[in-house]
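Colleague: quick one: sequence plus predicted model below, questions after.
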Amino acid sequence: MEIVSKFVVGSDQGVDEFFDVKKAFIRNSYQEIVASEIIENYIKEHFDHRKMINVLNDFSNQLIMVFADQQPVGYCFFQTGFSYPEASESQKMIAIKEFSLLQEYDLPEVRLSLWNKVRLAIQFADSLWINIAKNDSKIQFFKDQKFVFVKDMVLEPFNLSSSIYELDLKKS
């Protein structure tokens, strides 16, 4: 399997690929805990093609997608200058808003390809953080990357119990 991770810009093709993966990920990840009609309503209300193109063309937002055999299978969406409540205001922080892989491609080599590309993109920051659902299988991966637990939170859009984990980039 050929695995490639690359930046995606706000284009029709980029947004189509992003939305395809994101919709599949949301449906699969939440089907056991959120009613399907709530998931479908969320997708209808929040997946606006034009709006996402504008979001991706904002320099504070970055999208990296991972492809397996030229098919999009995951992504990391992150924002610079965005901190969590009670975070140190003196730090240059980056928020990982989403780090998602399709279940059938959630393999160590795919995950690492995406992560390594993210690491290259965030070198200028002091800290990287993520708000992740407590039952998310990727928690151990982030801990392995030296993320540390900060505090409990609630994760949107379905109000799930979550935790903030932070990586001090000056130490790693």
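Modeller: Yep, that arrived.

Colleague: what about the helices in this structure?
Modeller: Secondary structure of the chain (DSSP state H): helices at 12-30, 36-46, 49-56, 108-121, 139-144.

Colleague: export the fourth one to PDB, keeping only CA atoms.
Modeller: It stands for helix 108-121. Extracted in PDB, the C-alpha atoms of helix 108-121 (Å, rounded to 0.1, in the frame of the first residue of the first chain):
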ATOM      1  CA  PRO A 108       0.200   2.300  12.400                       C
ATOM      2  CA  GLU A 109       1.800   3.200   9.100                       C
ATOM      3  CA  VAL A 110      -1.100   5.300   8.000                       C
ATOM      4  CA  ARG A 111      -1.400   7.100  11.400                       C
ATOM      5  CA  LEU A 112       2.400   7.700  11.500                       C
ATOM      6  CA  SER A 113       2.400   9.100   8.000                       C
ATOM      7  CA  LEU A 114      -0.300  11.700   8.900                       C
ATOM      8  CA  TRP A 115       1.400  12.400  12.300                       C
ATOM      9  CA  ASN A 116       4.800  13.000  10.700                       C
ATOM     10  CA  LYS A 117       3.500  15.500   8.200                       C
ATOM     11  CA  VAL A 118       1.700  17.300  11.000                       C
ATOM     12  CA  ARG A 119       4.900  17.400  13.000                       C
ATOM     13  CA  LEU A 120       6.700  19.100  10.100                       C
ATOM     14  CA  ALA A 121       4.000  21.700   9.800                       C
END
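
Colleague: average pLDDT for that helix?
Modeller: Mean pLDDT, helix 108-121: 96.

Colleague: please list the residues outside it that contact it.
Modeller: Here helix 108-121 makes contact (C-beta atoms under 8 Å, 6 or more residues apart in numbering) with 1, 3-7, 62, 64, 66, 68, 73-76, 78, 96, 99, 101, 138, 141, 145. Quick note: C-beta positions are derived from backbone N, CA and C, even for glycine.

Colleague: if we can go back for a sec, adding distance to residue 153 and mean neighbour count, write the helices of the chain out as CSV.
Modeller: CSV is the format used below for these (distance: least, C-beta to C-beta, whole Å; neighbours: other C-beta atoms under 10 Å):
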stretch, distance to residue 153, mean neighbour count
helix 12-30, 17, 17
helix 36-46, 19, 12
helix 49-56, 22, 14
helix 108-121, 21, 16
helix 139-144, 13, 15
